[in-house]
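# I'll drop the sequence and a predicted model, then ask my questions.
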Amino acid sequence: MKTIKVAEDFGGIGACTQAFKRTGLPFEIVDYVEINQNAVNSYNAINDTHYEPQDISKWDKDIEIDFLMHGSPLY
């Protein structure tokens, strides 16, 4: 089965990533976008990654994804 390329926007601590892990499908997070440093630190600790905070309004990467997931803010 093909590995699904996933981008997680407004990623928080990675609830969407954890949910995707539970599907058992092969996937790779190709980008994680979150501006809050504390959330990014938590995500990195949980997922053994090294992402830096990113502002979605300035995001302009040219990457290929198969699936976009997000946890849009309430405010």
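Yep, it's here.
# so how far is the longest helix along the chain off the chain centroid?
Identified as the longest helix of the chain according to DSSP state H is helix 37-47. Distance, stretch centre to chain centre, for helix 37-47: 11 Å (Cα atoms, centre = their mean, to the nearest Å).
# Ok, stretch 58-75 next?
8 Å.
# Give me the buried stretch members for that stretch, please.
M69, G71 (16 or more other Cβ atoms under 10 Å). (Each C-beta comes from the backbone N, C-alpha and C, glycine too.)
# Which neighbours in the sheet does whichever strand or helix holds E8 have, and how are they oriented?
E8 belongs to strand 4-9 when assigned by DSSP states H and E. Applying DSSP bridges to the sheet, strand 4-9 is found paired with strand 27-33 (parallel), strand 67-70 (parallel).
# could you dump the last one to CSV, C-alpha only?
As requested, C-alpha coordinates have been extracted for strand 67-70 and formatted as CSV (Å, rounded to 0.1, in the frame of the first residue of the first chain):
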residue,chain,number,x,y,z
PHE,A,67,-4.4,14.3,2.6
LEU,A,68,-4.8,17.6,4.5
MET,A,69,-6.0,17.5,8.1
HIS,A,70,-6.4,20.4,10.5
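# outside of it, which residues touch it?
Applying Cβ atoms under 8 Å, 6 or more residues apart in numbering, the external contacts of strand 67-70 come out as I4, K5, V6, A7, E8, D9, F10, G11, C16, F20, F27.
# ok, now the longest one?
Around strand 27-33, the neighbours that count as contacts under Cβ under 8 Å, 6+ apart are 3-11, 14, 17, 20, 40, 43, 47, 49, 51, 54, 56, 59, 61, 63-65, 67.
# Now the buried members of these.
Using 16+ other Cβ under 10 Å, the buried members of the contacts of strand 27-33 are 4, 6-11, 14, 17, 20, 40, 43, 47, 51, 54.
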